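Visitor: what follows is a predicted protein model with its sequence.
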Amino acid sequence: MVRAFAPVPVAPEVLDRVLGAALRGPSAGNAQGLDLVVLEGDETARYWDTCLPQAARSSFPWPGLLDAPVLVLLLTRSDTYVTRYAEPDKVGTGLGEGAATWPVPYWYVDGGMAAMLLLLAAVDEGLGALFFGVFAREAELLATLGVPDGHRPIGMVALGHPTTDRPSRSAGRPRRSIDEAVHRGGW
């Protein structure tokens with residue numbers, strides 16, 4: 001996860017390959033309920049001005065993040081999945097009755113997979129990337145970007161050419177070993 005970017009544009013063909021990778025991810029019932037709002041260059045200020053007002057920036061620990069030349073907002077919509085699962089080939093699942101009938105809301109699962117594909121594609125293209133949540137001002141952000149009702153953000157991905165970075169404090173936490181996390185044949 002890169003938190004500092006050089007203020008250099010990402011070539012359009014590179015960006016299209018990265019975005020295309022996100023759209024090729026798994027999709028429950030092939031519902032394809034993912035939308036991407038892409039902000040490039042000066043357009044990224046629309047996000048920062050809404051979610052990190054100027055007054056809060058002096059204490060923001062990663063000022064180089066604001067130089068990311070591309071921000072990608074990943075959005076999903078539960079109604080897309082519910083509608084798909086009400087179609088004849090899926091109606092027997094009962095999942096077309098409403099979002100509450102889903103034991104696991106696959107719109108979020110699919111969105112998370114799309115985010116990971118976007119991150120991996122960015123690395124493959126020699127870019128840096130950071131996934132981060134929309135922790136505040138969600139409604140204001142969606143209105144600012146003209147997002148239709150019913151869509152929820154999975155999160156935001158900053159993309160660009162990495163520069164000198166300071167890792168977050170969490171980066172130093174050790175990873176669990178395979179022996180700790182993998183339970184072969186059962187727990």
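Guide: That came through fine.
Visitor: for stretch 162-175, measure first residue to last.
Guide: End-to-end span of stretch 162-175 (Cα to Cα, to the nearest Å): 24 Å.
Visitor: quick one: distance of that stretch to the chain centre.
Guide: Centre-to-centre, stretch 162-175 and its host chain are 19 Å apart (Cα atoms, centre = their mean, to the nearest Å).
Visitor: buried residues in that stretch?
Guide: Neighbour-count burial for stretch 162-175, counted by 16 or more other Cβ atoms under 10 Å, picks out 162, 165. (Glycine included, C-beta is placed from N, CA and C.)
Visitor: following the worst-scoring helix or strand of the chain on mean pLDDT in sequence, what is the next regular element?
Guide: Within the chain, no helix or strand scores below helix 54-57, which has a mean of 92 by mean pLDDT, DSSP states H and E. Reading on from helix 54-57 to the C-terminus, the next helix or strand found by DSSP states H and E is strand 70-76.
Visitor: how far does whichever helix in the chain runs longest sit from its chain's centre?
Guide: Counting residues, the longest helix in the chain under DSSP state H turns out to be helix 106-124. Distance, stretch centre to chain centre, for helix 106-124: 7 Å (Cα atoms, centre = their mean).
Visitor: noted, bye for now.
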